[in-house]
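Novice: Okay, sequence plus prediction incoming.
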Number of protein chains: 2
Amino acid sequence: MAEKRKIYKPKPISGFPEWLPEWRAVEQRWLDHIRKTFESYGFCSIETPSVEEIDVLLAKGEVDKEIYVLERLHKDDEDGKDARLALHFDQTVPMARYVAQHFNDLTFPFKRYQMQRVWRGERPQMGRMREFTQCDIDVINVDHLPIHFDAEIPAMIYDVLDGLDIGRIQLRINNRKILMGLLESMGVTDLVPVIRAIDKLEKIGEQDVLANLLELGIQDNQLEQIIELINIKVRTGEELDNCLREKNLFTHLLEGEGLTELLTNTFAEGVLELGFVLDSLSHLPKDAVVGDLSIVRGLDYYTGTVYETQLLDVPEFTGSVCSGGRYDDLAGSFINKHLPGVGISIGFSRLFDVLKQNGKLEPGPKGPADILMVLPAEDKRALAAETARKLRANGNKVEMYHAPQKVSKQLSYAEKKGIPFVWFPPFEDGKAHEVKDMNTGTQSEASPESWTAS
Amino acid sequence: MAEKRKIYKPKPISGFPEWLPEWRAVEQRWLDHIRKTFESYGFCSIETPSVEEIDVLLAKGEVDKEIYVLERLHKDDEDGKDARLALHFDQTVPMARYVAQHFNDLTFPFKRYQMQRVWRGERPQMGRMREFTQCDIDVINVDHLPIHFDAEIPAMIYDVLDGLDIGRIQLRINNRKILMGLLESMGVTDLVPVIRAIDKLEKIGEQDVLANLLELGIQDNQLEQIIELINIKVRTGEELDNCLREKNLFTHLLEGEGLTELLTNTFAEGVLELGFVLDSLSHLPKDAVVGDLSIVRGLDYYTGTVYETQLLDVPEFTGSVCSGGRYDDLAGSFINKHLPGVGISIGFSRLFDVLKQNGKLEPGPKGPADILMVLPAEDKRALAAETARKLRANGNKVEMYHAPQKVSKQLSYAEKKGIPFVWFPPFEDGKAHEVKDMNTGTQSEASPESWTAS
């Protein structure tokens, strides 16, 4: 330490979180659980590059997300000839591009999950996350995608979130066709601005939404109908049907030969589809699912089912943990095929970050080891190493202590690292192995050939 | 499909590989195995952001790696005030920065692994990978890091690579102190250029290395000694010692009160350390380890043990699969502490890519499901879904067929996707569940409460 060095003291970069090992352990456990649940429903993993050509990202027109473009540090005039690359801002555009590019090599319906980092080129002052992990699932099919998948996704998402031990969750489900059918029946043609206005309901409240709708040219009597519609909350398809019929709401859109015959009517189609999805979730706790007709999502590409998800026991978490819906043709900019899909995205990093910040999570251990292998003396090193190998062969995670120091020092290292067991190879020839349970303090003879920590 | 659309036909981006699901399944299995092995030795996971401030990346001076800088697509004059961010080109600089930044919150010796993507800002014409995954492990300690860890890392790397089923591997291990001690004894003071010249041995051959060394001012009689040294290949510490003494090589550097007393002599220190490391690997097959005194690595920060790893059965893979070594003070630019470490890095993506390109790997299944759940009829949907839930609760991965189509169609979907079992819920009330093994063709009664695929 004699020489004087120039120290560049590093500091966190706003919007690019990183965790200590004990928190990374929790994050990793969560990611494993999510992945396992996705796979338990038969979804396959894909990963795409972190970048796309800018032309791909902008294929559907300018996006409202901020984008990071890559520039070589030592760029020269030649660089201008290469395609410009940018970090992806979500996993939906890359997935659409992937499906189009590999169309002939995929099996449809294509059920994929994707758990990667995405980037938003926000100014640091905004305090927003600029790098975060999303966990997405989507199903894409050629020409027609059965409503089955709209029902499967919330069932899976419930399993995912329920397994994270973050309190009660509530899936809020709707079908955009219901609102779109109503608006069409009213003669409203420009649907997207109306949907976007209604999407702000939770954020700005009913009065402001009404004002916005009026500005968009919706008339008073129409407003009433819209308000009646978006205030509907039901649990089953039957409830939804009853609710509409008993209140005599929109029955002109439902009447006819019975719902199943009415699939040319957008409104009735939406009612039928939403009913199917809700009924498929009847095995979930009562509060876990609600058909909430105010949920419409802001993105313009959804055409049917839409999802949001609330944490009922974490008021600090505002907005939706995971959201998504059905779309008609996301890959249409990349391939001349009709590829409808349905998907949902868990905003993983924000969920983890908010719960962590609000003291809702317990840190994990500082390291993964189940066992610390004591090194009794330098001449027992080979024995200790061999014992560690045997224990590893049984599936144990074994850290070897690195020097023949006093046993008390080795024990206190295990304690500091939160290692639950300490293994003593025989200190003298002919003696037995012993293992100490650091939680109970008990120490007993054990065989490295058969002992397991779990 | 009536409307005419503008299609932007996507194509692969050179240097940014992506895989079909059946290859991603293999990649994921590999990554899981690597991670599991790292954890079985007690290494904890960390991840760092994909970016660092450019000042951090360049803290040790200009790097010879090409770097990607991030620019916001819609940047303005204000952006110039923010710190410039660039994608990391390895995991070593970020790890050093991480250790310095979180120094007070870490437990030392700090044993971490890190498996992330890294980026190199190469021109696309070079055909090199511009985004790839590395799997790194390092141990860092304060002031002094026991030689134990130099020995543990190759043992673990052997377990990692041996479990990938990629043929025989060979760890080539050396200790730079040996060469450095010899050079010092010769009065050579500028060591790095000499080490770099010797590092090229395998690439350019002995004659060219000799020519380069002559140019660096090494004299003929010194050259002879260097050549004798770097041609030494041994399996154990004893062999190394014998080899040096019997050949009467450099004994002036070994003489004295016995090796252990000579730790002020760099050469003898290196011989002792290399012997310790080799002897700790005596449990591995004979060919799996070689003390190869020509291995010196090109990076200037290694100060002792160095590693390379060869695939003996894959001649198409040139160079080293994973390499690393001991360093004295990587975090010195970020913190005023002495933090020696030792580590190794698996060039994961290149390994996977080369083996895949050369037909050494079998693809995995197109999806993870163990079971396809047949949907007998629309009115059996709830039963099929419930059966799927029961099977999932036993750890099975179950894909539900999405529509009540002909059984032959459902079976052929299972075949196409490589799903090994097809489950038939009772088609009529009172009948039993049955499961068909798609490999053997046998079909038998089974209970969804207890059946497992594995």
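Specialist: Okay, I see it.
Novice: Number of residues surrounding the residue nearest to A:Met438 when sequence neighbours are not counted?
Specialist: Once flanking residues are discounted, A:Met438 sits nearest to A:Pro420: 5.5 Å by CB to CB, 6 or more residues apart in numbering or on different chains. All C-beta spots, glycine's among them, are computed from the backbone N, C-alpha and C. Neighbourhood size, A:Pro420 [other CB atoms under 10 Å in any protein chain shown]: 16.
Novice: Spell out which residues of the stretch 151-300 of chain A are next to chain B.
Specialist: Proximity of the stretch 151-300 of chain A to chain B is confined to A:152, A:155, A:159, A:280, A:283 under the rule CB under 8 Å from any CB of the partner chain.
Novice: and the gap between the first one and A:Met115?
Specialist: Noted for A:Glu152: a distance of 18 Å to A:Met115, by CB to CB, to the nearest Å.
Novice: which of the two has more neighbours?
Specialist: Legend: neighbour count by other CB under 10 Å for A:Glu152 and A:Met115, higher for A:Glu152 (25 against 19).
Novice: Can you classify the more buried one as helix, strand or coil?
Specialist: helix (DSSP: H, G, I helix; E, B strand; the rest coil).
Novice: Let me know the pLDDT of it.
Specialist: We have a pLDDT of 97 for A:Glu152.
Novice: contacting residues around it?
Specialist: Contact partners of A:Glu152, counting by CB atoms under 8 Å, 6 or more residues apart in numbering or on different chains, are A:41, A:139, A:280, B:400.
Novice: and these, which two are the farthest apart?
Specialist: Distance extremes for those: the farthest pair is A:Val139 and A:Ser280 at 14.7 Å, using CB to CB.
Novice: Is there a neighbour count for A:Ala414? I'd like the number.
Specialist: Here the number of neighbours of A:Ala414 (other CB under 10 Å) works out to 22.
Novice: Now name the helix or strand holding it.
Specialist: Here A:Ala414 sits within helix A:407-417, counting by DSSP states H and E.
Novice: do stretch A:99-115 and chain B meet at all?
Specialist: Yes: Stretch A:99-115 lies within reach of chain B by CB under 8 Å from any CB, at A:100-102, A:105-107, A:109, A:111-112.
Novice: top of those residues by neighbour count?
Specialist: Counting neighbours by other CB under 10 Å, the top entry in the residues of stretch A:99-115 next to chain B is A:Lys111, with 26 neighbours.
Novice: pretty sure A:Lys6 contacts B:Ser333?
Specialist: Yes: using CB atoms under 8 Å, A:Lys6 is in contact with B:Ser333, at 7.3 Å.
Novice: Mind picking out the helix or strand in chain A with the poorest mean pLDDT?
Specialist: When each helix and strand of chain A is scored by mean pLDDT, DSSP states H and E, helix A:251-254 comes last, with a mean of 69.
Novice: how about the nearest residue to A:Ile67 once chain neighbours are set aside, what does it touch?
Specialist: In space, and not counting its chain neighbours, A:Ile67 is closest to B:Leu73: 4.1 Å by CB to CB, 6+ apart. B:Leu73 makes contacts with A:54, A:66-69, A:86, A:121, as judged by CB under 8 Å, 6+ apart.
Novice: Closest to A:Leu223 out of the residues you listed?
Specialist: Nearest member of those to A:Leu223, counting by CB to CB, is A:Glu66, at 34.9 Å.
Novice: if we can go back for a sec, could you dump the residues of the stretch 151-300 of chain A next to chain B into CSV with secondary structure added?
Specialist: Shown next, in CSV, are those (three-state DSSP):
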residue, secondary structure
A:Glu152, helix
A:Ala155, helix
A:Asp159, helix
A:Ser280, coil
A:His283, coil
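Novice: Between all of those, which two are at the greatest distance?
Specialist: Distance extremes for these: the farthest pair is A:Asp159 and A:Ser280 at 13.7 Å, using CB to CB.
Novice: Beta-bridge partners for the closest residue in space to A:Arg297 that isn't next to it in sequence, please?
Specialist: Sequence neighbours aside, A:Val306 is the residue nearest to A:Arg297 in space, at 4.5 Å (criterion: CB to CB, 6+ apart). A:Val306 has the following beta-bridge partners by DSSP bridges: A:Asn174, A:Gly325.
Novice: Was I right to think A:Val306 contacts A:Arg176?
Specialist: Yes: counting by CB under 8 Å, A:Val306 does reach A:Arg176; the two are 5.7 Å apart.
Novice: Kindly point out which residues are neighbours of both of those two.
Specialist: Common contacts of A:Val306 and A:Arg176 (CB under 8 Å, 6+ apart): A:296-297, A:325.
Novice: can you put the residues you listed in JSON lines and add pLDDT and neighbour count?
Specialist: Converted to JSON lines, these look like this (pLDDT from 0 to 100; neighbours: other CB atoms under 10 Å in any protein chain shown):
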{"residue": "A:Val296", "pLDDT": "92", "neighbour count": "26"}
{"residue": "A:Arg297", "pLDDT": "92", "neighbour count": "20"}
{"residue": "A:Gly325", "pLDDT": "97", "neighbour count": "26"}
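Novice: which one of those residues sits closest to chain B?
Specialist: For the shared contacts of A:Val306 and A:Arg176, the residue nearest chain B by CB to the nearest CB is A:Gly325; the value is 17.7 Å.
Novice: List the contacts of that closest one.
Specialist: A:176, A:297, A:299, A:302, A:304-307, A:342-344.
Novice: Quick check: the residue of the stretch 1-150 of chain A nearest chain B.
Specialist: For the stretch 1-150 of chain A, CB to the nearest CB, closest residue to chain B: A:Gly42, 2.8 Å.
Novice: Nearest residue to that residue in space, please, no chain neighbours.
Specialist: B:Glu399 (2.8 Å).
Novice: now A:Phe132
Specialist: A:Ser349 (3.5 Å).
Novice: Quick check: which element contains that neighbour?
Specialist: helix A:348-357.
Novice: circling back: the residue nearest to A:Ile67 and B:Val435, how far apart?
Specialist: Computed as CB to CB, the B:Leu73 to B:Val435 distance reads 53 Å.
Novice: in the sheet, who's paired with the spatially most central residue of chain A?
Specialist: With distances taken as CA atoms, centre = their mean, chain A has A:Ile346 as the residue nearest its mean C-alpha position (2.1 Å). A:Ile346 forms beta bridges with A:Cys135, A:Cys322, as assigned by DSSP bridges.
Novice: on that earlier part again, can you read off the pLDDT for the residue nearest to A:Phe132?
Specialist: On the pLDDT scale, A:Ser349 gets 97.
Novice: can you tell me the helix or strand for the closest residue to A:Tyr41 other than its chain neighbours?
Specialist: Of all residues not flanking A:Tyr41 in the chain, A:Met156 sits nearest, at 4.9 Å (CB to CB, 6+ apart). Secondary structure assigned from DSSP H and E places A:Met156 in helix A:148-162.
Novice: relative to helix A:348-357, how tilted is that helix?
Specialist: Helix A:148-162 and helix A:348-357 meet at an angle of 30 degrees, taking axes from the mean of the first three to the mean of the last three CA atoms, to 10 degrees as the criterion.
Novice: Helix A:148-162: how far from the chain's middle?
Specialist: Put simply, helix A:148-162 sits 12 Å off its chain's centre (CA atoms, centre = their mean, to the nearest Å).
Novice: Could you do stretch A:291-309 as well?
Specialist: Computed by CA atoms, centre = their mean, the separation of stretch A:291-309 from the middle of its chain amounts to 17 Å.
Novice: what's the span of that stretch, first residue to last?
Specialist: One end of stretch A:291-309 to the other measures 12 Å (CA to CA, to the nearest Å).
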